[in-house]
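In: Predicted structure and sequence below. I'll ask about it afterward.
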Amino acid sequence: MNEAKPDDVELMRVTTADHESPFRLICFPNTLDTPVGYLPLADLLLPTVEVLAVRYPAAPPGSSWIPDTERLATKCFGALSGWTDRPIAFLGHRAGAYLAFRVAGQLERETGARVAALFVMERDAPPETAGDPPLSGRIVAVAAGREPVGNGWGAYSTAGSVVEHVPARSDHRGFGTALANLIHDELLGFHGE
């Protein structure tokens, strides 16, 4: 039996669809969350969107930041092998948003695949990076009712960015229908190359 090592990165199918969905959404959890938290969202997105989540090593105790982001982004990029055969979007939550941004850039640069949309939840854009080309897909910054976030992402996409507000998560059902509707609308409006 293969056992995952503590520093392994895995891509986990959150739902099992009985047919092939036209889109895939790869979720990058916050450091304190697990892929299981995406089950309610995955149920709301079926049958249009197949949801997968990245499981990566947890942040050190007491930290809410992902250590060695560039090394982890490279591992996540490797885990995507075989999953980019249809239009793909990324969703990153807090620290996972920056990680999703880094992996999306690497995917576009190294494979030529286009990320249809990058959904960044509860995270402002990072400071400008030296020489990184902007993403070709749209960036949708999602503010979930807490504090105003999502600023500055426009510089990182040639397709533009937008800040959307969804109701704050208030119960165990997770992100809710507002986020699912936002993802559906964005992906159904996507015109692949």
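Out: Alright, I've got the coordinates.
In: Am I right that Ala141 is in a strand?
Out: Yes. Assessed with DSSP: H, G, I helix; E, B strand; the rest coil, Ala141 lies in a strand.
In: What residues are bridge-paired with it?
Out: Assessed by DSSP bridges, Ala141 has beta-bridge partners Val120, Val163.
In: pLDDT on stretch 115-134, on average?
Out: Averaged over stretch 115-134, pLDDT sits at 82.
In: Give me the buried positions along it.
Out: Val115, Ala116, Ala117, Leu118, Phe119, Val120, Met121, Glu122, Arg123, Asp124, Ala125, Pro134 (16 or more other C-beta atoms under 10 Å). All C-beta atoms are positioned from the backbone trio N, CA, C, and that covers glycine.
In: now swap in stretch 41-50 and tell me
Out: Leu41, Ala42, Leu44, Leu45, Leu46, Val49, Glu50.
In: quick one, what contacts the second one?
Out: Read it as Ala42. Taking C-beta atoms under 8 Å, 6 or more residues apart in numbering, we find Ala42 in contact with Val14, Thr15, Val51.
In: Where is pLDDT lowest across the residues you listed?
Out: Lowest pLDDT of the contacts of Ala42: Thr15, 75.
In: That one and Arg138, how far apart?
Out: Thr15 is 24 Å from Arg138, where distance means C-beta to C-beta, to the nearest Å.
In: The two: which is more packed in?
Out: Arg138 (21 against 17; other C-beta atoms under 10 Å).
In: so that one touches Thr158, yeah?
Out: No. Assessed by C-beta atoms under 8 Å, Arg138 is found out of contact with Thr158, at 9.2 Å.
In: which other helices and strands contact the helix or strand bottoming out on mean pLDDT in the chain?
Out: Least confident element among the helices and strands of the chain, by mean pLDDT, DSSP states H and E: strand 161-165 (a mean of 80). Here strand 161-165 touches strand 138-143, going by 3 or more C-beta pairs under 8 Å, 6 or more residues apart in numbering; DSSP states H and E.
In: Report pLDDT for the closest residue to Pro35 other than its chain neighbours.
Out: Leaving aside its chain neighbours, Pro35 sits nearest to Ala53 (3.4 Å; criterion: C-beta to C-beta, 6 or more residues apart in numbering). The model reports Ala53 with a pLDDT of 94.
In: Now do the contacts for Ala53.
Out: Contacts of Ala53 by C-beta under 8 Å, 6+ apart are Leu11, Met12, Val14, Ile26, Cys27, Phe28, Pro29, Pro35, Tyr38.
In: nearest spatial neighbour of the second one, skipping sequence neighbours?
Out: Nearest non-adjacent residue to Met12, counting by C-beta to C-beta, 6+ apart: Pro35, 5.0 Å away.
In: And the one you found, how close does it get to Ala143?
Out: 23 Å.
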